[in-house]
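A.B. asks: Next come a sequence and a model predicted from it.
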Amino acid sequence: MKYRNVAAATAATLSFALASLAQTGAIGGNVLGYDGNPLMGAVIKLDRTDIKGSLQTKTNKKGQWIYMGLAVGSTWNISCVVNGKVAGQSMNIRAGLGDPTDASFNLQKQQATDQARTVAIQKAAETGKVGDELSRGLTAEQKVALENQIAAQAATMKQNKALQDAFSAGMTARESKQYVEAIADFEKAAQLGPNQSAVWAGLAESHVDLATTKTGADFEAEMAKGLENYAKAVTLKDDDAAIHSNYARAYALDKKFPEADAEAAKVAQLDPPAAGRAYFNLGAVLANIGQPDLAAAAFKKAMDANFADAYYQYALILAGKASVDTATGKVTPAPGTVEAFQKYLELAPTGANAQAAKDMIASLGTNIDTSYKNPNAPATTKKK
């Protein structure tokens with residue numbers, strides 16, 4: 001009798017345990033990747049929404065996953081994470097009795113749906129009308145949220161168009177040397193797109209160009225505005241070699257020579273192939289404002305980058321330093337003059353200044369070596 005009571009108690013306990021186990025649910029599914037194939041190793045996150053709690057698992061080699069032992073009736077937000085980023089649309093799932101509640105992800109299909117939705121929203125923003133393909137199946141709250149999204153995108157598109165129109169107008173005016181009009185257009189663009197480095201660079205260039213038409217206090221005022229706007233441009237995009245090159249020109253025109261050289265050096269650092277052009281442009285500005293020694297230094301840096309025209313301009317500066325014997329009229333060129341002209345002819349035998357270089361060499365009483373020798377050509381051997 002005693003054993004019978006024990007057996008009965010054991011059976012009752014087992015029955016209770018089985019009944020308790022039957023009250024748990026499961027959620028599972030599969031994940032198809034962007035290529036349409038089962039995706040292994042996708043992280044499935046389960047965040048409980050009725051009470052606090054989080055779980056996670058991964059898909060197997062067949063792209064399948066399942067999480068068992070969940071409280072029946074518990075609600076979960078299920079999300080799929082691929083390469084550290086949430087992929088597809090998360091879903092709210094309630095754990096139920098019986099078979100696992102399905103929470104599958106088809107990332108390829110979802111991507112296509114998202115792209116179609118983006119196109120539809122773009123069209124709605126352009127037309128001001130929400131098409132049936134967008135509003136179908138949405139609740140009233142979702143429709144309001146969608147309409148607000150489309151209205152915001154339409155406003156952004158309108159502002160972007162106004163920004164582009166103002167920027168284009170500024171570029172056109174500057175190219176036509178209408179600098180005052182260009183400044184007004186770029187200022188309007190700067191209000192619409194204050195984070196656009198190209199806008200501030202265009203405004204800076206317009207002020208500098210206008211400064212070159214002024215003198216005295218007016219020149220200084222425009223140059224100050226130009227340099228100020230260049231500073232804003234490089235703050236927004238410090239890796240733009242073209243902006244730094246123009247910044248160097250502005251500093252040189254304002255006779256801030258160390259700053260000009262530093263900006264040219266920045267160009268060489270950011271874009272080594274552009275170093276020769278940047279230093280040549282700086283040298284040209286310095287030569288034009290009557291700074292031959294500084295110009296020569298800039299041209300020499302351009303020569304280090306094998307920039308052909310720099311050799312010609314450097315030779316011209318040296319030619320200006322030739323000495324003349326007043327008794328005999330003999331011209332003695334400064335050291336390196338003829339060599340610089342010859343190097344120019346070697347690098348650019350048919351260049352725009354080739355004939356002028358030959359004439360200069362002849363006037364200095366030196367034979368002209370007009371044959372071009374490619375330093376990279378392989379050595380040739382004479383046939384015996």
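C.D. replies: Nice, thanks for sending it over.
A.B. asks: Residue 24 - how many residues pack around it?
C.D. replies: Neighbour count of residue 24, defined by other CB atoms under 10 Å: 14. Every C-beta, even on glycine, is put in place using the N, C-alpha and C of the backbone.
A.B. asks: Quick check: closest non-adjacent residue to it.
C.D. replies: Nearest residue to residue 24, sequence neighbours excluded (CB to CB, 6 or more residues apart in numbering): residue 69, at 5.0 Å.
A.B. asks: tell me the SS of the one you found?
C.D. replies: The three-state assignment at residue 69 reads strand, by DSSP: H, G, I helix; E, B strand; the rest coil.
A.B. asks: Mind listing what's buried along stretch 79-91?
C.D. replies: 79, 80, 82, 87, 88, 91 (16 or more other CB atoms under 10 Å).
A.B. asks: farthest-separated two in those residues?
C.D. replies: With CB to CB as the measure, no two of those lie farther apart than 82 and 91, at 15.7 Å.
A.B. asks: Surely residue 80 is within a strand?
C.D. replies: Yes. Checked against three-state DSSP, residue 80 lies within a strand.
A.B. asks: The closest residue to it other than its chain neighbours: neighbouring residues, count only.
C.D. replies: Nearest residue to residue 80 in three dimensions, chain neighbours excluded: residue 105, at 4.5 Å (CB to CB, 6+ apart). Under the neighbour criterion other CB under 10 Å, residue 105 is assigned a count of 27.
A.B. asks: Residue 238 versus residue 105, what's the distance?
C.D. replies: Residue 105 sits 41 Å away from residue 238, going by CB to CB, to the nearest Å.
A.B. asks: repeat for residue 301
C.D. replies: From residue 301 to residue 238 the distance is 21 Å (CB to CB).
A.B. asks: Which one of the two is surrounded by more residues?
C.D. replies: residue 301 (21 against 12).
A.B. asks: Wait, the more buried one touches residue 260, no?
C.D. replies: No. Using CB atoms under 8 Å, residue 301 is not in contact with residue 260; the gap is 12.0 Å.
A.B. asks: How about residue 50: what's its closest non-neighbour residue?
C.D. replies: Residue nearest to residue 50 in three dimensions, not counting chain neighbours: residue 75, with 4.8 Å by CB to CB, 6+ apart.
A.B. asks: Strands of this structure, residue ranges please.
C.D. replies: Using DSSP state E, the strands of the chain run over residues 24-32, 43-48, 54-58, 64-71, 75-82, 85-94, 101-102, 105-106, 323-324, 331-332.
A.B. asks: Present those as TSV; the columns should include mean pLDDT and distance to residue 169.
C.D. replies: Output for those, formatted as TSV (pLDDT from 0 to 100; distance: least, CB to CB, whole Å):
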stretch	mean pLDDT	distance to residue 169
strand 24-32	92	50
strand 43-48	95	51
strand 54-58	94	54
strand 64-71	92	57
strand 75-82	95	45
strand 85-94	89	40
strand 101-102	92	57
strand 105-106	94	48
strand 323-324	84	54
strand 331-332	82	53
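A.B. asks: hey, which of those strands is tucked in deepest?
C.D. replies: strand 105-106 (a mean of 22; mean count of other CB atoms under 10 Å).
A.B. asks: what's the distance between residue 286 and residue 260?
C.D. replies: Taking CB to CB, one finds residue 286 at 8 Å from residue 260.
A.B. asks: what is in contact with those two at once?
C.D. replies: Common contact partners of residue 286 and residue 260 (CB atoms under 8 Å, 6 or more residues apart in numbering): residue 252.
A.B. asks: Isn't the residue nearest to residue 80 up against residue 82?
C.D. replies: No. Counting by CB under 8 Å, residue 105 sits too far from residue 82 to count as a contact (9.3 Å).
A.B. asks: where are the low-confidence patches of the stretch 51-200 of the chain?
C.D. replies: The model of the stretch 51-200 of the chain has pLDDT under 70 over residues 121-122, 124-140, 142-143, 146.
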